[in-house]
Structure formats: structure tokens, C-alpha cells
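Q: Sequence first, predicted coordinates after that:
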Amino acid sequence: MGETVPRIRIAQVCKSFGTNRVLDGVDLEIGRGESVVVVGPSGIGKSVLIKCLIGLLEPDSGTIEIDGTRIAGSSLRRSVSGRFGMLFQNGALFDSLSVLENVAFPLTRGRVHSLAAVRLEALRTLARVGLGPEIASLFPEDLSGGMRKRVALARAIATDPDILLFDEPTTGLDPIMGALIDSLIVQCVRESGATALTITHDMDSARRIADRIAMLHAGRVLWQGPTSRIEASGNEVVDRFINGVVG
Amino acid sequence: MNPLAAIGRAFLAFLAGTGRLGLFVAATVSHCVRPPWYPRLLLQHVIEIGYYSLPVVGLTTLFSGMVVALQSYTSFARFSAEGAVATVVVLSITRELGPVLAGLMVAGRIGASMAAEIGTMRVTEQIDALTTLSTHPVKYLVVPRVLAGVISLPFLVLVGDVIGVFGGYIVGVYKLGFEPVVYLQRTFDYLEPYDVISGLVKAAVFGFLVAVMGCYHGYHSRRGARGVGAATTNAVVSASILILVANYGVTELFFAR
Ligand SMILES: Nc1ncnc2c1ncn2[C@@H]1O[C@H](COP(=O)(O)OP(=O)(O)OP(=O)(O)O)[C@@H](O)[C@H]1O
Ligand SMILES: [Mg+2]
């Protein structure tokens, strides 16, 4: 094998909802142990892209490969889903389960929760996102929005998956907590060698997390490059986006 | 507006819905026989359906038994056949009223809550989250509920049968003046195991229908609070209608033998 195969390869992926063409030929490659951040205006299809990648939505056309194997069809995709850890934009915590059961879910896959080792592991994961054991027996509805987000993050990383997909991990968090989550993501990538794809609106956070930044615009990847080069992208739309210029 | 087009569209939508339901049932049945299973969840739902529905089903069958005794007494008095009251009560309760009323009550109580719970999980992406955590949502959410429905309803109906017969006994003895011993004797004289068993078979079928309709409508719920509301209504209405249709079907099947 001369060339290394990227962990994730997204090629010419298109997805429409009715007449609304959301993704129109997206190309993106993510190498092993790389952390890529996708930015782009609200409603441009970032969440749709991540859902196509994990198989919750079926792309209309295009290919998605994991480690060089094309995955198509939901059943095939399910076979690799154990390697993914996904944080949903709205958390998607199981509201009939306690915080501890939520975080332990990927460890037990919904079966017996009472094992001491599982409990310990879940508490350790909660500690990684800055939450103490005192909230373990609460239910998601008893938590603040930011705490919910962190519990969802803990659930996504509990099994140390190879591929991490984070949909706005720091939205709704205070700056200090945001920085903690950023460093946690960096730590996951550096220490366990995971591959991460993060969606964010926060450019400071993107600079901290990303090896590479890709900007989604009009259904395609408009610009991508190393984080250090985003200021000098030479692209007017990118400049306007990162500086928050209206118009 | 072309009326033919509207009819055609409605017909196609009906076919699509039937097909989706067929696939859903097929997936449910095939997941029933493949591990992993979730015995804890099954137990939880059996308790929820079988135990917590007891008051509702008990009250319904109690008053049904009482009213059947009263009605049959007034009708049968017209051709001096009052003696048949006990037999009429026990046969109508075990063969028809027990299973049908329990089925309808459980459709309202359990079918609605299943649709609302699963529908909310669909709308808040919890079902998607299950998939990403390598847990098949049909296996985890639907199979335990459907199995619990099939297991619990016969149990509920058996208890309901006893309470219904007891209701008839109360009216027969304290209002219509039957001798207690005679009434009980008449109750069991003409009762065959087959009568009770046919009712329990019906109950299992109704339990399956209620749980499948609740889960199906919740699972395919549209977005938003409105979608969940519609799913709940559809679950109860469709389960109730299917119960009455299946009731005729099963009865016909049993009588044909
Ligand atoms: N299930 C769906 N059915 C129909 N349209 C959808 C669906 N999911 C997303 N869309 C549409 O796709 C477009 C992109 O949505 P998406 O959630 O990916 O945006 P986003 O880039 O994640 O935005 P934000 O940053 O606000 O989260 C939107 O126009 C949305 O209306
Ligand atoms: Mg989004």
C-alpha cells in the first residue's frame, strides 16, 4: 500500500429533501487521527452531512468510504456503527433513563446497568466532561442545557470510538466549559488516535480543535485547508464568514 | 381539483401505508426470534400492561357482567327462560365481552402511551441515537412492547372473566333473587374450557394488535408535537377498529371448526 487510505472519504455526496437540494456534491477526506472542523452558515446542511456519514440519512448519490470500504445500505452501515461516537446537535439523550444509564448505554447496549465496573466507567466518563457523580441519578429533564450537552458528549465518547462526530459540541456552554470541551476533543484525537469531525459556529473553538477546516457553502465544500491558513484563504465568502461581516 | 386524482392519491397512500405496516410487522417478528433480547424491558412492560391495567379492566368487566345479568333477565323473562341468566353471563363474558372490552380499554391506555412515547423519541432523535449506539430500535423499543402485549392481555382477560362473572353473580343473587348455589351451578354447567380458551386466544391477538399499532404509529410519527398527537390518535383508532375486525375473524375461525 503506497498511499495511505483516508479513514473517511466522502465523494460527490448529494442529498435533497423534496425540491430543497441541501448537499450538491460534497467532497471531503479525513485522515486517521485527524481532526477536521466543518463550518458554514446555519441551515446549509452540516447536520445533514454528518447524518449521511453515519447512515441515518441515505444520500441520493455519491459514495462514502470508511477505511477504503464503501458503505451503502443501512444494514452494512450498522456493522460499522459501533466504531462511531456521535453527539447530536440537540443531545438526543434518552429521557426515560437516568444520566448514569445514558452514559453507560454504549457500554452495555441497553442491557443490565447494575454492574459496578460499568458504573465506575460511566462516572469516569462523566468526570471527563466536567460533571460530578452527584448528577448521575438525575434525569435529563432535570439538567441545564449545557449540562445536557455534556452528558450527551460523555455518552458519545464512553466507548472511546475510532471515529467521533460532534454536532456543535460547545454551543450553549460558557467560555470556560467550552474550552474544557475543546481540550477534551483534542485529547481524544491526540491520545486515543481517534478521527474527529466537528461542526461548530464558534471560530475560536474551531481554531483550537481543528487540524483542518472545511467550509460548507451552497451544498459543496467551498474551501478547505489547514487551520492556520483560514485567515489567508483568499476567498471572499470565507473571509466574510469568519469575520462575521453581514452581506 | 380532479376528484379521480384525489381518489387515486388516497388509494396509493393507503397501499404505501399498508406496505410499510407489513414491513414493520415482519421486522418485529424477525427481531423477536434473534438475540439480543431485553428481558428487563419485557418485564417492565408486562407489569405496565398487565398489572397497571387491572383496575380499568376489572371495573369494565364487573359492570358489564352486572348489566348482562340485568338485561338478559328482563329479555328472557318474556319467554320464561330466566334460568339461563347465569349461562348467558358466563358465555358472553368469556367469549366476547371480556376480550373485546379489555382489548379496547388497553388500546386506549397502552396503545396511546406507546405511540406518544415512541413518537416523542422519534421527534427528539432518540431513535436515531439508539441506532448510532449499535442498538436496533425495533429490537429495543418494539419487540419488548409487542411481546408484553401478547403475554399480558390473556392474563388480564382471565382476571376480567372472573370479575365479570362475579358481577353477574352479585346482580343475580342480590337483585334478581337467585339462590347462590344454583346460580354458580348454572354458571359452570354449560361452560366448556373451549369458551375460555377462545377468549384468551382473542386476547393474545388483541394484545399484539394494540402494541403493534401503538409502536408503528409512534415509530413513523411526523415531526413536532402535532405529529406525536396525530400518532397517538391514529394508534388508538386503528387498534380499536382492528380489534373489532379481528374479533369477528377469530370468532368465525373458532366457530368454523
Ligand atoms: N429530515 C428533514 N426533512 C426535510 N428537510 C430537512 C430535514 N433535515 C434537514 N432538512 C433541511 O436541510 C437543510 C439543512 O439542515 P441542517 O440541519 O443540516 O442545517 P445545519 O447546517 O446543521 O444548520 P445549523 O447550523 O443551524 O444546525 C435545512 O434547510 C433543513 O430544512
Ligand atoms: Mg445543524
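A: The structure has been received and is ready for your questions. Residues are numbered from 1 along each chain as shown, chains lettered A, B, ... in the order given. Ligands and ions are numbered 1, 2, ... in the order given.
Q: C-terminal to the worst-scoring helix or strand of chain A on mean pLDDT, which secondary structure element comes first?
A: Lowest on mean pLDDT, DSSP states H and E among the helices and strands of chain A sits helix A:74-80, with a mean of 57. Later in the chain than helix A:74-80, the nearest helix or strand by DSSP states H and E is strand A:84-87.
Q: ok, the residue of the stretch 151-257 of chain B found nearest chain A - how many residues close by?
A: Per Cβ to the nearest Cβ, the residue of the stretch 151-257 of chain B with the smallest distance to chain A is B:Arg223, at 12.0 Å. In short, each C-beta sits where N, CA and C put it, glycine included. By other Cβ atoms under 10 Å in any protein chain shown, 10 other residues sit near B:Arg223.
Q: Same question for A:Arg208.
A: 20.
Q: cool, and A:Ala156?
A: Neighbour tally, A:Ala156, other Cβ under 10 Å: 27.
Q: Next up, the contacts around it.
A: The neighbours of A:Ala156, taking Cβ atoms under 8 Å, 6 or more residues apart in numbering or on different chains as the test, are A:85-87, A:164-166.
Q: ok, now with 10 Å
A: Residues near A:Ala156 by Cβ atoms under 10 Å, 6 or more residues apart in numbering or on different chains: A:84-88, A:103, A:106, A:125, A:129, A:164-167, A:169, A:188, B:129, B:132-133.
Q: Inside helices: which ones of those?
A: Among the contacts of A:Ala156, DSSP state H puts A:103, A:106, A:125, A:188, B:129, B:132 in helices.
Q: B:Asp195 against B:Thr94, yeah?
A: Yes: in this structure, B:Asp195 is within contact of B:Thr94 by Cβ atoms under 10 Å, at 4.8 Å.
Q: Neighbour count: the two, which is higher?
A: Taking neighbours as other Cβ under 10 Å, B:Asp195 and B:Thr94 compare with B:Thr94 leading, 26 against 17.
Q: so where do the helices sit in the chain?
A: Assuming you mean chain A. Using DSSP H, helices in chain A cover A:46-54, A:74-80, A:99-108, A:116-128, A:145-157, A:175-192, A:203-209, A:236-243.
Q: That was the other one, I meant chain B.
A: Going by DSSP H, chain B shows helices at B:3-32, B:39-46, B:54-77, B:85-92, B:98-106, B:112-123, B:126-132, B:137, B:143-170, B:180-189, B:193-219, B:224-256.
Q: Around chain A, pick out the residues from the stretch 1-150 of chain B.
A: Contact residues, the stretch 1-150 of chain B versus chain A (Cβ under 10 Å from any Cβ of the partner chain): B:36-41, B:117, B:120-121, B:124-136, B:139-141.
Q: Return the distance of A:Val39 relative to ligand 2.
A: Counting by Cβ to the ion, to the nearest Å, the gap from A:Val39 to ligand 2 is 12 Å.
Q: A:Ala218 - how many residues pack around it?
A: By other Cβ under 10 Å, 12 other residues sit near A:Ala218.
Q: What are the phi and psi values at it?
A: phi 50, psi 40 (degrees, to the nearest 10).
Q: excluding its backbone neighbours, what's nearest A:Ala214?
A: A:Gln224 (3.9 Å; Cβ to Cβ, 6 or more residues apart in numbering or on different chains).
Q: And that neighbour, what's its pLDDT?
A: What the model reports for A:Gln224 is a pLDDT of 92.
Q: Hmm, it is touching A:Gly40, no?
A: No: A:Gln224 is beyond contact range of A:Gly40, at 11.4 Å (criterion: Cβ under 10 Å).
Q: Common neighbours of those two, please.
A: Any residue near both A:Gln224 and A:Gly40 by Cβ under 10 Å, 6+ apart counts here, and that gives A:214-216, A:238.
Q: what about residue 24, neighbour count?
A: By default, I'm working from chain A. Neighbour count of A:Asp24, defined by other Cβ under 10 Å: 16.
Q: not what I meant, chain B
A: 17.
Q: tell me the contacts of the closest residue in space to it that isn't next to it in sequence?
A: Distances taken as Cβ to Cβ, 6+ apart put B:Tyr216 closest to B:Phe24, at 5.1 Å, once the chain neighbours are dropped. Neighbouring residues of B:Tyr216 by Cβ under 10 Å, 6+ apart: B:17, B:20-21, B:24-25, B:28, B:114-115, B:118, B:142, B:231, B:234-235, B:238-239.
Q: Low-confidence regions, chain A specifically.
A: Chain A contains residues with pLDDT under 70 at A:1-3, A:72-81, A:110-114, A:247.
Q: Write out the residues of it neighbouring ligand 1.
A: A:17, A:20, A:22, A:42-48, A:89 (Cβ under 6 Å from any ligand atom).
Q: What count of nearby residues applies to the residue in chain A that chain B sits nearest to?
A: For chain A, the residue closest to chain B is A:Ala92, as judged by Cβ to the nearest Cβ, at 4.0 Å. Neighbourhood size, A:Ala92 [other Cβ under 10 Å]: 24.
Q: if I look at it, how far off is B:Glu125?
A: 4 Å (Cβ to Cβ, to the nearest Å).
Q: list residues touching both of those two?
A: Residues touching both A:Ala92 and B:Glu125 (Cβ under 10 Å, 6+ apart): B:Thr132.
Q: I'd like to know which of the helices of chain A is closest to B:Gly149.
A: Closest of those to B:Gly149 is helix A:99-108, at 24.4 Å (criterion: Cβ to Cβ).
Q: The closest one vs helix A:145-157, what angle?
A: Orientation of helix A:99-108 against helix A:145-157 (axes from the mean of the first three to the mean of the last three Cα atoms, to 10 degrees) gives an angle of 20 degrees.
Q: Can I get helix A:99-108 in CSV, CA atoms only?
A: Extracted C-alpha coordinates of helix A:99-108, given in CSV (Å, rounded to 0.1, in the frame of the first residue of the first chain):
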residue,chain,number,x,y,z
VAL,A,99,-27.8,10.3,33.4
LEU,A,100,-25.8,7.3,34.5
GLU,A,101,-27.8,4.9,32.4
ASN,A,102,-27.5,7.2,29.4
VAL,A,103,-23.7,7.4,29.7
ALA,A,104,-23.5,3.6,30.4
PHE,A,105,-25.7,2.8,27.4
PRO,A,106,-22.9,2.4,24.9
LEU,A,107,-21.1,0.2,27.3
THR,A,108,-24.0,-2.1,28.0
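Q: so what's the residue positioned nearest the centre of chain B closest to, chain neighbours aside?
A: Central residue of chain B (Cα atoms, centre = their mean): B:Gly103, 2.4 Å from the mean position. The shortest distance from B:Gly103 to any non-neighbouring residue, by Cβ to Cβ, 6+ apart, is to B:Phe206 (3.4 Å).
Q: Please look at the one you found and B:Asn247 and confirm they touch.
A: Yes: with contact defined as Cβ under 10 Å, B:Phe206 reaches B:Asn247; the gap is 7.7 Å.
Q: what touches both of the two?
A: The contact sets of B:Phe206 and B:Asn247 overlap at B:99-100, B:103-104 (Cβ under 10 Å, 6+ apart).
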